[in-house]
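Engineer: My questions concern the predicted model and sequence given below.
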Amino acid sequence: MCRIGAIKSRKYLHPSKALKLMRSQQKGHDNSGFAMVMQDLGGVFENYKDLPILSLACTDEGMRIADNILHEAGFVRIMQWAPETHPREWLKIEPMPNYIFLVLQYPKSYKYASKEEKEELLVDIRLKIRKALEVNDEGFVYSFWPDVLTLKEIGDPTDIGEYFGLWEENDELRAKIITAQCRQNTNYDIVRYAAHPFFLQGYTALANGENTFYEKNRDFQKKLYKGYIGFESDSQCFLYTLHYVHKILKWPLMYYKHVITPLPFEEIELREDREVLKKIRASLAHLEINGPNTIIGVLPDGTVFTCCDSKKLRPVVVGYTDDTAIITSEVTGINEILPDRDWEQDIYPNEREMVVINNDLEVQRWQQ
């Protein structure tokens, strides 16, 4: 089983909040790993909102490879930050030699480039670094995007927190949006890229469950966009569909739910938007998902949402206060972080809705 969580706040939070959120749900996962994506960053990254950050775990040679690719592309290093690690013999963790987070200036040739051109450049460079690192297993590049930091590690989540000093709050590492999961991809060979959350061009997705339409999704998605690669986990398909529907097709978020869990035809016929929904079913049938799952997603503008499979076979709950909202697998996690909230306002999403949290921390329920 997986346990997933997302925290969105008006104020900058330390990642210890995500660790505590996951720790309280420990009986629901297998302690094989911890991964998180931090967005809308504070701390040492707060003054670099518009500059891309490369999140990298690698060997010394891997660092040299990445540096060469960035230099050849014309990127200039503005700031480098690495977490202080605390090795202990008893820690259950399989660390990489280096964890590097680089803030970079765009190449001079992109001074007048459009937002879209810069976004495609970041994808191209990330893919190039990833391919180069894979030749001799020299490392992993998880994200290359402004205002985003990604960390993934194999081992016991408590020990991972100890190794990186994440249990003790400080002012270096902060964010207003943190998504996290405590489990590696133990259904298959453990690969760091397979650990949730998954990230692409400002979009984040993580899931608890299985996608039995994985092969159908994968074979279709491979043809849609250069960034749809890897497929080390069946849940990566959830991210790629989100990106395709919202970023490539530019459809409103509400249609993501209609793509992955479409309504039965007999129900579609009763709706005013039936022609639209029938066209979605006809054109994107290969993006439908199946099996028990709950999905949490984050959009580039900071919107956070959750939705479930068509039978609601995996748990999820939403709790919130005036300044913080949490989506996670078990209510014990929210109790740990927001004990003083109004518990009667907690939401347990059903199989036909999306719960959406906007940047005003307004919690909306969208019925399919």
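Structural biologist: Arrived safely, thanks for sending.
Engineer: which intervals of the stretch 201-350 of the chain have sub-threshold pLDDT?
Structural biologist: Judged by pLDDT under 70, the stretch 201-350 of the chain has no weakly predicted residues.
Engineer: which residues are contacting stretch 249-269?
Structural biologist: Stretch 249-269 has contacts (CB atoms under 8 Å, 6 or more residues apart in numbering) with 238, 241-242, 245-246, 271, 274, 277-278, 280-281, 284, 287-289, 295, 297, 299, 303, 305, 307, 309-310, 351, 353-354, 356, 366, 368. C-beta: built from backbone N, CA, C; applies to glycine.
Engineer: Could you rerun that using 6 Å?
Structural biologist: By CB atoms under 6 Å, 6 or more residues apart in numbering, the surrounding residues in contact with stretch 249-269 are 242, 245, 274, 277, 280-281, 284, 287, 289, 307, 310, 354, 366, 368.
Engineer: how about that stretch: buried residues?
Structural biologist: The neighbour-count check on stretch 249-269 (16 or more other CB atoms under 10 Å) flags 251, 253, 255, 256, 257, 258, 259, 260, 261, 262, 263, 268 as buried.
Engineer: of all the residues you listed, which two lie farthest apart?
Structural biologist: Pairwise distances across the buried residues of stretch 249-269 peak at 19.4 Å for 253 and 268 (criterion: CB to CB).
Engineer: name the element residue 257 belongs to?
Structural biologist: Element membership for residue 257, per DSSP states H and E: helix 254-260.
Engineer: which secondary structure elements does the biggest helix by length in the chain contact?
Structural biologist: Among the segments of the chain that qualify as a helix by DSSP state H, the longest is helix 115-134. Using 3 or more CB pairs under 6 Å, 6 or more residues apart in numbering; DSSP states H and E, the elements in contact with helix 115-134 are helix 60-73, strand 139-146.
Engineer: Let me know the average pLDDT across it.
Structural biologist: What helix 115-134 shows for mean pLDDT is 98.
Engineer: now it against strand 139-146, angle please.
Structural biologist: Following axes from the mean of the first three to the mean of the last three CA atoms, to 10 degrees, one obtains 170 degrees for the angle between helix 115-134 and strand 139-146.
Engineer: Can you report how many residues neighbour residue 113?
Structural biologist: Residue 113 sits with 14 neighbouring residues when counted by other CB atoms under 10 Å.
Engineer: nope, residue 59 is what I was after
Structural biologist: Residue 59 has 16 nearby residues by other CB under 10 Å.
Engineer: so how far is residue 311 from it?
Structural biologist: For residue 59, the distance to residue 311 equals 45 Å [CB to CB, to the nearest Å].
Engineer: can you check residue 94 too?
Structural biologist: According to CB to CB, residue 94 and residue 311 sit 36 Å apart.
Engineer: and if you look at residue 260?
Structural biologist: 13 Å.
Engineer: Retrieve the pLDDT associated with residue 72.
Structural biologist: We have a pLDDT of 98 for residue 72.
Engineer: what do you get for the one 10 residues further on?
Structural biologist: On pLDDT, residue 82 comes in at 95.
Engineer: Equivalent analysis for the one 5 residues further on, please.
Structural biologist: For residue 87, the model assigns a pLDDT of 92.
Engineer: again with the one 4 residues further on
Structural biologist: We have a pLDDT of 91 for residue 91.
Engineer: I'd say it and residue 158 touch.
Structural biologist: No: using CB atoms under 6 Å, residue 91 is not in contact with residue 158, being 9.1 Å away.
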